[in-house]
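*Asks:* compute the structure for the input listed below.
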Amino acid sequence: MKRSKRHALAAQAAEKPRPTPRQLSKRAREQRLRRLILSFVSAALALVVLVLAYGYWREVLRKGSEPIVEVGGRPIETELYARYFAFQQMVVNQQLASLSQLAAAAGSANPSAGYQQQIQLLQQRQRSLENEALSQLVEAFIVHQETERREIPLTDEEIDAQRVELARQLREGPFPFLNQLGPSQPVTGTQSIASPTPVLTVDIAQAELQQVIARSGQALTEEQVRELVLEPRVLRKKLEETIGADVAPSAEQVHARHILVEDEQQARDARQRIEGGEDFVKLAQELSKDSGSKEKGGDLGWFGRGQMVTEFEEAAFGGTPGRVLEPVKTSFGYHLIEVIERDANRPLGDEQLAQARLKRFNDWLNGERAKAIYHISNDKLEWARRFVNQLRAT
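*Replies:* I've put the predicted structure just below:
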């Protein structure tokens with residue numbers, strides 16, 4: 001029985017017709033078409049992936065590697081700027097939190113004017129930090145390049161001192177001297193007193209800075225904090241001393257006094273009264289709006305060039321001693337100026353010399369800033385903002 005069934009199946013297979021050449025050709029064409037369609041779909045998918053990858057590279061990866069500014073031929077990449085901005089943002093946030101705690105500990109009925117003043121200054125800084133961070137980063141590069149050129153040394157002890165100083169500012173704000181401003185009312189026995197904080201050592205300062213780095217989303221590494229934050233603080237001070245050392249210890253100066261009033265007619269009336277015989281000193285005490293010199297009869301002491309606004313300086317240095325000049329208009333109002341004395345080579349006082357040296361350094365620094373080549377664009381700034389937000393979310 002089984003044998004007969006096998007014979008029947010074999011017979012049926014033998015009877016099945018074979019494909020004709022036309023059928024074989026059609027089948028081959030259909031297979032080629034299927035392969036062609038599959039290849040086309042695969043190529044289209046690959047193209048979509050490439051387009052998406054290129055867009056991600058262009059908008060995410062490449063944008064961060066593009067320079068936002070060049071300093072001395074060295075590019076500052078957009079991502080580095082974003083990371084520096086994020087770190088500085090966290091520093092300000094930490095300072096605000098610390099000052100708020102100090103102000104609360106002082107007692108709401110007896111707030112410290114210094115704490116509140118620092119909080120206001122930091123809130124203002126928050127609003128301009130995006131620009132300030134870029135300016136600080138440019139300065140860090142300038143300072144590094146100049147100290148390398150001048151071969152100015154830097155020690156680990158100097159960096160440790162700055163590390164401790166930064167940690168102190170994280171606790172007390174960037175202007176801790178303001179915290180010494182007294183409260184508006186006398187302290188009573190019912191007010192709370194803040195618990196003493198541990199003395200800052202290098203190790204404690206390092207640990208507190210590590211916490212800020214962590215809270216910033218690892219925006220900067222410890223090495224970058226040293227290079228971009230701590231070292232520039234030390235090197236800037238050294239450059240101030242080096243560049244300022246060229247300032248001569250004596251200079252042309254004038255000794256003058258003035259009366260500041262609101263409008264030109266008031267100034268002319270006062271000048272007429274002086275010419276009529278009234279005493280300049282008494283008239284300054286009566287009329288002057290300059291609270292800093294009013295009680296001294298308008299006496300400004302000795303000053304050199306670059307210490308007063310341009311209009312005032314030009315009039316004072318061009319005036320004749322003993323003569324009251326025509327009214328001079330500045331942004332402060334109208335001035336009656338009397339040059340008391342002039343010395344072509346008067347020794348500078350300690351404060352004057354320090355100001356002159358700082359001005360010399362700032363003039364040099366502003367000149368170097370002007371040489372920087374900026375590549376700022378809205379899309380780079382927007383990329384930096386998104387990057388900072390991503391760091392903050394980590």
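*Asks:* what about the residue lying closest to E368 once chain neighbours are set aside, helix or strand, and which?
*Replies:* Counting by C-beta to C-beta, 6 or more residues apart in numbering, E368 lies nearest to I142, which is 4.8 Å off, once chain neighbours are set aside. Backbone N, C-alpha and C define where each C-beta goes, glycine included. Taking DSSP states H and E as the definition, one finds I142 inside helix 113-150.
*Asks:* in the protein, which spans are strands?
*Replies:* Counting by DSSP state E, the segments of the chain that form strands are 67-71, 74-77, 250-261, 299-304, 328-330, 333-347, 373-374.
*Asks:* please work out which of the ones you listed is packed deepest.
*Replies:* Ranked by mean neighbour count, these are led by strand 250-261 with a mean of 22 (mean count of other C-beta atoms under 10 Å).
*Asks:* elements contacting that strand?
*Replies:* Contacts defined by 3 or more C-beta pairs under 8 Å, 6 or more residues apart in numbering; DSSP states H and E place strand 250-261 against helix 264-275, helix 280-287, strand 299-304, helix 310-318, strand 333-347.
*Asks:* so which of those comes closest to K359?
*Replies:* Across the helices and strands packed on strand 250-261, K359 has its closest neighbour in strand 299-304 (9.9 Å, C-beta to C-beta).
*Asks:* could you dump the strands of the chain into CSV and include distance to Q224?
*Replies:* As requested, the strands of the chain are exported to CSV (distance: least, C-beta to C-beta, whole Å):
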stretch, distance to Q224
strand 67-71, 16
strand 74-77, 12
strand 250-261, 42
strand 299-304, 41
strand 328-330, 45
strand 333-347, 45
strand 373-374, 22
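*Asks:* which one, of those, ends up nearest to F175?
*Replies:* Checking the strands of the chain against F175 by C-beta to C-beta gives strand 299-304 as the closest, at 26.4 Å.
*Asks:* among the helices and strands packed on strand 250-261, which comes closest to A104?
*Replies:* strand 333-347 (41.7 Å).
*Asks:* where does this protein have its least confident helix or strand?
*Replies:* None of the helices or strands of the chain scores lower by mean pLDDT, DSSP states H and E than helix 2-15, at a mean of 54.
*Asks:* follow-up on the earlier one: residue contacts, the residue nearest to E368?
*Replies:* For I142, the contacting residues are V71, G72, L365, E368, R369, A372, by C-beta atoms under 8 Å, 6 or more residues apart in numbering.
*Asks:* pLDDT score assigned to the last one?
*Replies:* On the pLDDT scale, A372 is placed at 97.
*Asks:* quick one: residues contacting the spatially closest residue to it that is not a sequence neighbour.
*Replies:* Using C-beta to C-beta, 6+ apart and skipping the chain neighbours, the partner closest in space to A372 is V71 (5.1 Å). With contact set as C-beta under 8 Å, 6+ apart, V71 has these partners: V138, F141, I142, Q145, A372.
*Asks:* neighbours of A103, how many?
*Replies:* For A103, the number of neighbouring residues by other C-beta atoms under 10 Å comes to 19.
*Asks:* that one and E172, how far apart?
*Replies:* A103 is 12 Å from E172, where distance means C-beta to C-beta, to the nearest Å.
*Asks:* returning to what we had before: between the strands of the chain, which one is nearest to E130?
*Replies:* Minimum separation from E130 across the strands of the chain (C-beta to C-beta) falls at strand 67-71, 11.6 Å.
*Asks:* check what pLDDT V164 gets.
*Replies:* 96.
*Asks:* brain fart, R62
*Replies:* Here the pLDDT value assigned to R62 is 78.
*Asks:* residue contacts, it?
*Replies:* Counting by C-beta under 8 Å, 6+ apart, R62 touches no other residue.
*Asks:* what do you get for A384?
*Replies:* Each residue near A384 by C-beta under 8 Å, 6+ apart is listed here: I68, T78, E79, Y81, A82, F85.
*Asks:* could you dump these to JSON lines with distance to L358?
*Replies:* Formatted as JSON lines, those follow (distance: C-beta to C-beta, whole Å):
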{"residue": "I68", "distance to L358": "29"}
{"residue": "T78", "distance to L358": "32"}
{"residue": "E79", "distance to L358": "34"}
{"residue": "Y81", "distance to L358": "27"}
{"residue": "A82", "distance to L358": "31"}
{"residue": "F85", "distance to L358": "27"}
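*Asks:* for the buried ones among these, write the corresponding ChimeraX selection.
*Replies:* Selection of buried members from the contacts of A384 for ChimeraX, criterion 16 or more other C-beta atoms under 10 Å:
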select :68,78,79,81,82,85
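*Asks:* just the contacts of A384: which are in helices?
*Replies:* Among the contacts of A384, the subset assigned to helices under DSSP state H consists of T78, E79, Y81, A82, F85.
*Asks:* mind giving me a markdown table with those residues and columns for pLDDT and distance to K63?
*Replies:* As requested, the ones in helices among the contacts of A384 are exported to a markdown table (pLDDT from 0 to 100; distance: C-beta to C-beta, whole Å):
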| residue | pLDDT | distance to K63 |
| --- | --- | --- |
| T78 | 97 | 6 |
| E79 | 97 | 8 |
| Y81 | 97 | 12 |
| A82 | 97 | 10 |
| F85 | 97 | 15 |
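*Asks:* tell me the one of the residues you listed nearest E151?
*Replies:* Y81 (28.2 Å).
*Asks:* could you check how far that closest one is from S331?
*Replies:* According to C-beta to C-beta, Y81 stands 34 Å off from S331.
*Asks:* got it, and A86?
*Replies:* According to C-beta to C-beta, A86 stands 38 Å off from S331.
*Asks:* so which bits of stretch 284-298 are buried?
*Replies:* A284, Q285, L287, S288, D290, S293, K294, G297, G298.
*Asks:* please read the previous query as pertaining to stretch 211-224.
*Replies:* Buried residues in stretch 211-224 (16+ other C-beta under 10 Å): V212, I213, S216, G217, A219, L220.
*Asks:* may I have that stretch exported as PDB, CA atoms only?
*Replies:* Written as PDB, here are the backbone C-alpha positions of stretch 211-224 (Å, rounded to 0.1, in the frame of the first residue of the first chain):
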ATOM      1  CA  GLN A 211      31.400  70.700  46.200                       C
ATOM      2  CA  VAL A 212      30.900  73.800  44.000                       C
ATOM      3  CA  ILE A 213      32.400  71.900  41.000                       C
ATOM      4  CA  ALA A 214      30.000  69.000  41.700                       C
ATOM      5  CA  ARG A 215      27.000  71.300  42.000                       C
ATOM      6  CA  SER A 216      27.900  73.000  38.700                       C
ATOM      7  CA  GLY A 217      27.500  69.600  36.900                       C
ATOM      8  CA  GLN A 218      31.300  69.200  36.700                       C
ATOM      9  CA  ALA A 219      31.400  72.300  34.500                       C
ATOM     10  CA  LEU A 220      35.200  72.600  35.100                       C
ATOM     11  CA  THR A 221      37.700  70.100  36.300                       C
ATOM     12  CA  GLU A 222      39.900  70.900  39.300                       C
ATOM     13  CA  GLU A 223      42.800  71.500  37.000                       C
ATOM     14  CA  GLN A 224      40.700  74.000  34.900                       C
END
